[in-house]
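Chemist: Need a 3D model of the following:
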Amino acid sequence: MKKVLIPVVFLGVFLGVALLVFHGQWRQRTSGLYYSGTIEATESNLAEGMAALRQAKDDLRKIEITRRGVKVAEARLGAAQAALHVAEIYLEYTRLRAPFRGIVTSRNIEPGEVVTPGREVISIADLSVVELNRSS
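Modeler: This next block holds a predicted model:
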């Protein structure tokens, strides 16, 4: 079995002792700490790292697709809100309001009929002010 020396990152020191622990042997060199392991273990670690990288890239693609979906949904929401506002304006045109409180004395149209501007739709009487004519 071939041995390989791989430099590792020094993670911490407690009273001058390295706290990083791996399965293998630590050797002190003048240039730093080295891990003595096998090529097979290194290739296995590389394969795991590559798989994790592929998974991370795949996750990033999914996140980007979701972001685009959110932007599309926000655009559709804005369009729906604008359509609702227009519908509310048109609804206001369908309401008839009298200039005073009163009682409907006659209705000149049927529900569902189309009304043209200027056409008399209803007659309203204000019964708070009543005039009586006395005839002899």
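Chemist: Going by C-alpha atoms from here, please, whenever you check contacts or count neighbours.
Modeler: Will do.
Chemist: Not counting stretch 106-125 itself, show me its contacts.
Modeler: Residues from elsewhere that reach stretch 106-125 (C-alpha atoms under 8 Å, 6 or more residues apart in numbering): 98, 102, 103, 104, 105.
Chemist: what helix or strand is the spatially most central residue of the chain on?
Modeler: The chain has residue 70 as the residue nearest its centroid, 5.0 Å off, counting by C-alpha atoms, centre = their mean. Secondary structure assignment for residue 70, by DSSP states H and E: helix 39-93.
Chemist: Tell me which helix or strand comes right after that helix.
Modeler: strand 103-107.
Chemist: any idea which helix or strand comes after that following strand?
Modeler: Following strand 103-107 toward the C-terminus (DSSP H and E): strand 122-125.
Chemist: And that following strand, what's buried?
Modeler: In terms of neighbour count (16 or more other C-alpha atoms under 10 Å), strand 122-125 has no buried residues at all.
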